[in-house]
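A.B. asks: Okay, structure incoming, though there's no sequence with it:
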């Protein structure tokens, strides 16, 4: 393969070494449920670094054990010397279901009761196994003359290139980072706030009362400076803490101010703790929890979008394979009509009829037209691959011919609907999203239930104060710790809206949202059961179609051979010579149609495996392996492709 690492990467293959699934290997970690403050630099899902495995052999053993239970062989692919040094982007791992894991228990029981006994399987076919030695099979992987240069490609190379280079993938991968900002904003509510303030006032106003100055002054002249500096912090349990140091000085012409001028300071500690409404970590951490869940939902969406994109890349690859096979088939069909026309023209003066020659000319022109359309399909498929992968090298080599090196899967593999369904329950991103939605709505219900309670806050405060003369604020600061004792105060604040209609309405709405989320989860799970069942059945059906199409090819080939020999060697004097040519040309068309149908069945069988793994939620697989394992080629997109 062209995409391996300096260590060893795991690739799951079915027997006879036919590639079964994407070997996209990554492992990430995140600690989203920590109560510690978070920042935008904290690694999560997409942005987390790939973890190094403790032992590659242990990883291989685990993969082998899992694969063997599904009738698969595990093969170690050694590193390839032409591999470049471009790391794949980090793909989010399947998210865990958290405290709501139990929601799936009843569905696991239901899945365990699924019986595979009544379902037909591909291995039940008594027909011969489809051979890979179809005449066009090897020719598809080589140049067919559409360009002077050819570039070999395979599914693994294209999918990993798409993950590394596609602008669409890059845009999808930005979503969790955007959601991370919301988490930081929510968690920042508990950050410590430092503040400092100051104010100077110079007052000069007429005296309207003897109590203003205590003397016969006609104007009151006063200079006052006040300042404060401190810290505020909101606790996760709901409390609000404030530590503030105040200080300043005052000087005026009043005889009532003593000493005059004077410096003053005051160190305050204030604490407010809700006892009912807004009390507790669960309530106050709701925004943080919802932001964390939002990130998990984004990761599920990213996985789903990436899987969809990889399916599109795979489909485009098989479209290219089918278009090239179709071109080869139409070219052979054209060659057959051309040979027939040449023979008829050579025998024009012997036993050929003018109408026979004209009929052959019509067939040649028609098949040449079909060949032009087949070439257009190839170029269209190549263009679609370029836009899906976004690889600049493919774009720069747009005129090159892309030669698919990987043939469709063509051997029966035993399937279990029960095992596939159980796997889907643990890995499908839509199920994980539904469970996280339930968790988010449940958190909102809990917060809304708390908001129905009346407000009852405990208020505590204490302070020490200092005083000194001569505007000596620093002297007052020293005196506040040495003179007198601290003052303190304690109290309660009670508040309740009459009727409390708004809070009760919010609680009722949250409960209905929870009911809706439960129904959506049930629907999502039922859809998963159905999609897995259909995907398994489609895989079995596609193989059956491929086998029967091969039989149709053999029958059509015998018919063409018979009619061709009959026309060349044993013409029937009693039969119209023109009708014999017509039958031969029609038989050639039928053979080409059956060959095209066989290729379509091959492509359908190959895509059915991809769609089955997508339905199971395991199209993107993750293991803890060395980061050196995941690379894309530097110069040659698939220079080391193997022919299978």
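C.D. replies: On my side now, so go ahead. Everything numeric here is computed off the predicted structure, so don't read it as measured data. Numbering: from 1, shown residues only.
A.B. asks: Three-state assignment for residue 143, please.
C.D. replies: Following DSSP: H, G, I helix; E, B strand; the rest coil, residue 143 is assigned to coil.
A.B. asks: And it, how far from residue 152?
C.D. replies: 10 Å (Cβ to Cβ, to the nearest Å). C-beta here means a position set from N, CA and C on the backbone, and glycine is covered the same way.
A.B. asks: More neighbours: which of those two?
C.D. replies: residue 152 (23 against 15; other Cβ atoms under 10 Å).
A.B. asks: wait, isn't that one in contact with residue 403?
C.D. replies: Yes - when contacts are counted by Cβ atoms under 8 Å, residue 152 is listed as touching residue 403 (5.0 Å).
A.B. asks: can you list residues touching both of the two?
C.D. replies: Each of residue 141 lies in contact with both residue 152 and residue 403 under the rule Cβ atoms under 8 Å, 6 or more residues apart in numbering.
A.B. asks: Please verify my assumption that residue 474 contacts residue 263.
C.D. replies: Yes - using Cβ under 8 Å, residue 474 makes contact with residue 263 at a distance of 7.5 Å.
A.B. asks: So between these two, which is more surrounded?
C.D. replies: With neighbours defined as other Cβ under 10 Å, residue 474 and residue 263 compare such that residue 263 has more, 24 against 12.
A.B. asks: all strands in the protein, in order from the N-terminus.
C.D. replies: Applying DSSP state E to the chain gives strands spanning 9-14, 18-19, 73-77, 86-87, 150-153, 193-206, 219-234, 240-252, 262-274, 401-404, 455-469, 487-495, 631-632.
A.B. asks: which stretches of this protein have low pLDDT?
C.D. replies: Scanning the chain for pLDDT under 70 picks out 1-101, 117-133, 349-352, 569-578, 621-644.
A.B. asks: Run the chain-centre distance for the longest helix along it.
C.D. replies: In the chain, with assignment by DSSP state H, the single longest helix is helix 501-569. On the basis of Cα atoms, centre = their mean, to the nearest Å, helix 501-569 sits 22 Å off its chain's mean C-alpha point.
A.B. asks: just checking, what packs against it?
C.D. replies: Packing partners of helix 501-569 (3 or more Cβ pairs under 8 Å, 6 or more residues apart in numbering; DSSP states H and E): helix 105-112, helix 417-427, helix 429-451, helix 577-616.
A.B. asks: Please enumerate residues in contact with stretch 594-609?
C.D. replies: Stretch 594-609 has contacts (Cβ under 8 Å, 6+ apart) with 20-21, 134, 136, 314-315, 318-319, 321-322, 325-326, 329, 408-410, 535, 538-539, 542-543, 545-546, 549-550, 552-553, 556.
A.B. asks: Who does residue 466 form a beta bridge with?
C.D. replies: For residue 466, the beta-bridge assignment (DSSP bridges) gives partners residue 265.
A.B. asks: if I look at it, how far off is residue 228?
C.D. replies: From residue 466 to residue 228 the distance is 15 Å (Cβ to Cβ).
A.B. asks: Would you mind telling me which of the two has the busier surroundings?
C.D. replies: Using other Cβ under 10 Å as the criterion, residue 466 and residue 228 rank with residue 466 on top: 23 against 16.
A.B. asks: what's the distance between the closest residue in space to residue 425 that isn't next to it in sequence and residue 424?
C.D. replies: Excluding the flanking residues, the one nearest residue 425 by Cβ to Cβ, 6 or more residues apart in numbering is residue 104, at 5.3 Å. Using Cβ to Cβ, one gets 11 Å for the distance from residue 104 to residue 424.
A.B. asks: what sits in contact with each of these two?
C.D. replies: Residues touching both residue 104 and residue 424 (Cβ under 8 Å, 6+ apart) are residue 431.
A.B. asks: More neighbours: these two, which one.
C.D. replies: Taking other Cβ under 10 Å, residue 104 and residue 424 do not tie; residue 424 has more neighbours (26 against 19).
A.B. asks: Do I have it right that the more buried one meets residue 613?
C.D. replies: No - in this structure residue 424 lies outside contact range of residue 613 using Cβ under 8 Å: 9.9 Å.
A.B. asks: Residue 556 contacts residue 587, correct?
C.D. replies: Yes - Residue 556 is within contact range of residue 587, at 6.9 Å (criterion: Cβ under 8 Å).
A.B. asks: So residue 340 versus residue 327, what's the distance?
C.D. replies: Separation of residue 340 from residue 327 (Cβ to Cβ) stands at 20 Å.
A.B. asks: Please disregard the earlier target; I meant residue 300.
C.D. replies: Residue 300 sits at a distance of 41 Å from residue 327 (criterion: Cβ to Cβ).
A.B. asks: Could you do residue 213 as well?
C.D. replies: 107 Å.
A.B. asks: Comparing the two, which residue is more hemmed in?
C.D. replies: residue 327 (25 against 20).
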